[in-house]
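K.L.:
next one to model:
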Amino acid sequence: MKRYSFTLITLFIYIGMNIAPAHAQKEQNRSITQSYLHGWEYALKAGFNIGGTSPLPIPAEIRQIDSYRPGVAIAIEGNATKWLDAQKRWGLTVGLRLESKGMTTKATVKNYSMKIINTSGGELEGLWTGGVKTKVSNSYLTIPILANYKISPRWKLVAGPYFSYTIQKDFSGHVYEGHLRTPDETGSRVNFTDESIATYDFSDELRRFQWGVQVGGEWRAFKHLSVHADLTWGLNDIFRKDFDTITFAMYPIYLNLGFGYAF
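P.N.:
Prediction:
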């Protein structure tokens, strides 16, 4: 993910600074001008995703969120907008976005369904009561399809669905300071105290395809430069349908803040 992001950021800066041979630059400008006259507009965007992956509503098993730390989550996007009327107030945008979404949380839980890996490498499954630390770090190729409405020459609103393919998956962590009842709340008890922990990893249980809705706004600060804020809200559970260790659905909810360059 870092390698791809670096490559795309380099490309973004390269184009934004108009570093190109004079003849090629003139041809590019002519082509962009012709597209603009026919109602097309192209842009590159870069930003950061801030948010988390959460059940809705928060289930009774999660008694308290002890800490939250957002991950380094970069988003790079190229898109094309077709304006549908002569005044260029209504339009449709289709894009391709390379992005990451992540967080690290600590929570206190009670009777939380869990499958842990003990020190000997075996698995224990049951109900956990105590502390849970979870790390989520996923990378996606995302296609947003957004309706555009210009409030004014500088302001516009966007809304529509997005579709994501997961290219890197990580949902893992460890439990600490508590006990596991196996196979249920009346079963045998395994205690973890002091520095004792047990890890878990549900990365392979994550879905490859995810989808949701995106809503946001953009302000055109200068002729070519804009800033934006977009909220993306996942509508399907991040886990596979047949995964039943975690008994509630979890959804990625993130705010993307960044800037863009329009051609």
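K.L.:
helices or strands up against the one helix or strand residue 173 maps to?
P.N.:
Assigned by DSSP states H and E, residue 173 belongs to strand 171-182. In terms of contacts (3 or more Cβ pairs under 8 Å, 6 or more residues apart in numbering; DSSP states H and E), strand 171-182 is packed against strand 90-117, strand 123-150, strand 188-201. For glycine as for every other residue, the C-beta is placed from the backbone atoms N, C-alpha and C.
K.L.:
could you dump these into CSV and include mean pLDDT?
P.N.:
Formatted as CSV, the helices and strands packed on strand 171-182 follow (pLDDT from 0 to 100):
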stretch, mean pLDDT
strand 90-117, 95
strand 123-150, 96
strand 188-201, 88
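K.L.:
now render the ones you listed as JSON lines, adding mean neighbour count and distance to residue 230.
P.N.:
Below are the helices and strands packed on strand 171-182 laid out as JSON lines (neighbours: other Cβ atoms under 10 Å; distance: least, Cβ to Cβ, whole Å):
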{"stretch": "strand 90-117", "mean neighbour count": "19", "distance to residue 230": "10"}
{"stretch": "strand 123-150", "mean neighbour count": "19", "distance to residue 230": "8"}
{"stretch": "strand 188-201", "mean neighbour count": "14", "distance to residue 230": "31"}
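K.L.:
okay if I get these as a markdown table plus distance to residue 219?
P.N.:
As requested, the helices and strands packed on strand 171-182 are exported to a markdown table (distance: least, Cβ to Cβ, whole Å):
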| stretch | distance to residue 219 |
| --- | --- |
| strand 90-117 | 16 |
| strand 123-150 | 11 |
| strand 188-201 | 42 |
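K.L.:
can you tell which of those strands is closest to residue 243?
P.N.:
strand 90-117 (10.2 Å; Cβ to Cβ).
K.L.:
A strand includes residue 247, no?
P.N.:
No - counting by DSSP: H, G, I helix; E, B strand; the rest coil, residue 247 falls outside a strand, being coil.
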